[in-house]
Structure formats: structure tokens, C-alpha cells
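Undergrad: how would this look folded up:
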Amino acid sequence: MPDESKPLLVKRYASRRLYNTETSDYVTLEDIAGFIRAGREVQIVDLKSGDDLTRSYLLQIIAEHESKGESVLPLGVLTDLVRSYTGAAQSVVPEFLASSFEVLRSGQSKMVENMTAMNPMAQMPGFKAMQEQQAAFFKAMTGGWKAPEEASDSPPQPTEGQSREELDAIRKQLAEMQAMLSRMNK
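TA: Model (predicted):
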């Protein structure tokens, strides 16, 4: 039985084939993307050198999906990411992206909780099991992301455990980063 609390270890052989150490079989990039969509952390290491190759393979998975027309990243964001590798913004960008994605994840969780609380069907027998199945299906199909057209135009509200001050600090960081990017474009 695999220990899903630890990252799935995938070894890359000299032939560039990827080997799942838990199931003792070879896997593809799409298999790895599936593990990640299912909520599993993955670590990919070179068998010979021991180098961690996870970042490179995750970027390759993203590039393949983007090139197939499954675009998640707008062209402007990609352009700004490229620009961020050339200046002082490089130190700010990773923190900004990490906090932005955390806000997105916690916002999704809160939205699901609110929908459950307001739904009169929640009292029906079996509703919770059906809802869990739908959530698992949605997570597997989308990797946990909402479509852009479902995104709210209203400003983000603090989630449970998050203060108004923290949200204001994130907004301030975003404004500072946008200003920095504007200065870099000139």
C-alpha cells in the first residue's frame, strides 16, 4: 500500500524513461500529470546523478498542455514571467505567485463550503457521498482550477483564518509588483 503522505518517487533512467518506484512500472508525463491532478505530490530524480528533475518535468507538462490549446496561462502572464527572470522582480515573483495560488486554493475550498451550507438538498441521505464523488471528479478533470469565465469580478474576501490585513497586504504586494513590471516595460 503506497504511503500517499510522501511524494511519489519517480526515477528517470539513462534512457529517459520514467519509473514509478511504488508500482514498479514505467510512466509517461501524462501519468505524472494525472497523479498531480489527483492531489499527489511527485518527485522526479535522475537515477544516476540523484539530481531533482521535478521542476523541469512539471514545466514540460505545462508546456505540452499549453501547446495543445489547453491554455490556462494568458499570453500577458507568460510574457511577464519571462520578463521577471531578468531583473529585481525575480525575488518578488515566486513569493507573489505562491501566495496568489494559496489564496485561490483557499477561496475554492470556502466556496464549496458555502454552497453546501446554503443547499437544502444537503439534508438528503447520500447527498454528502454524491457531493464528494462530484468533487473528486471535478478535481481529477480540472486539476482543481476553475475556468476563467467562472472567476468572480468581485474583489477577493478574506477566507477563514485569513484577516482583512493579510488580504490588504496581498493586494499591496500585487500593486507593487504591477508597478515594478510597468517600470520594467518602459
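
Undergrad: alpha carbons only for contacts and neighbour counts from here, please
TA: Will do.

Undergrad: What ranges does this protein have for its helices?
TA: 29-37, 54-67, 75-84, 93-118, 127-142, 164-185 (DSSP state H).

Undergrad: ok, of those, where does mean pLDDT dip lowest?
TA: Here the helices of the chain differ in mean pLDDT, and the lowest is helix 127-142 at a mean of 62.

Undergrad: Kindly report the domain assignment for the protein.
TA: Domain ranges of the chain: 8-71, 82-185, per automatic domain parsing.

Undergrad: Buried residues in stretch 50-63, which are they?
TA: Counting neighbours by 16 or more other CA atoms under 10 Å, one finds that the buried residues in stretch 50-63 are Thr54, Tyr57, Leu58, Ile61.

Undergrad: repeat for stretch 18-33
TA: Leu18, Tyr19, Asn20, Ile32, Ala33.

Undergrad: Compute the first-to-last residue distance for it.
TA: For stretch 18-33, the first-to-last residue distance is 13 Å (CA to CA, to the nearest Å).

Undergrad: what's that stretch in contact with?
TA: Identification of contacts with stretch 18-33 by CA atoms under 8 Å, 6 or more residues apart in numbering yields Pro2, Leu8, Leu9, Val10, Lys11, Arg12, Tyr13, Arg17, Val42, Tyr57, Ile61.

Undergrad: What subset of these is buried?
TA: By 16+ other CA under 10 Å, these give Leu8, Leu9, Val10, Lys11, Arg12, Val42, Tyr57, Ile61 as buried.

Undergrad: Let's see which of the residues you listed end up in strands.
TA: Judged by DSSP state E, strands contain the following of the buried ones among the contacts of stretch 18-33: Leu8, Leu9, Val10, Lys11, Arg12, Val42.

Undergrad: Neighbours of Glu4, how many?
TA: 10 (other CA atoms under 10 Å).

Undergrad: That one is in contact with Ala38, isn't it?
TA: No - counting by CA atoms under 8 Å, Glu4 sits too far from Ala38 to count as a contact (10.9 Å).

Undergrad: Other residues contacting stretch 43-63?
TA: So stretch 43-63 is contacted by Pro7, Leu8, Leu9, Val10, Lys11, Arg12, Tyr13, Ala14, Leu29, Glu30, Ala33, Val42 (CA under 8 Å, 6+ apart).

Undergrad: Turn those into a markdown table, columns for distance to Arg164.
TA: A markdown table is the format used below for the contacts of stretch 43-63 (distance: CA to CA, whole Å):
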| residue | distance to Arg164 |
| --- | --- |
| Pro7 | 34 |
| Leu8 | 37 |
| Leu9 | 39 |
| Val10 | 41 |
| Lys11 | 44 |
| Arg12 | 45 |
| Tyr13 | 49 |
| Ala14 | 51 |
| Leu29 | 40 |
| Glu30 | 40 |
| Ala33 | 35 |
| Val42 | 34 |
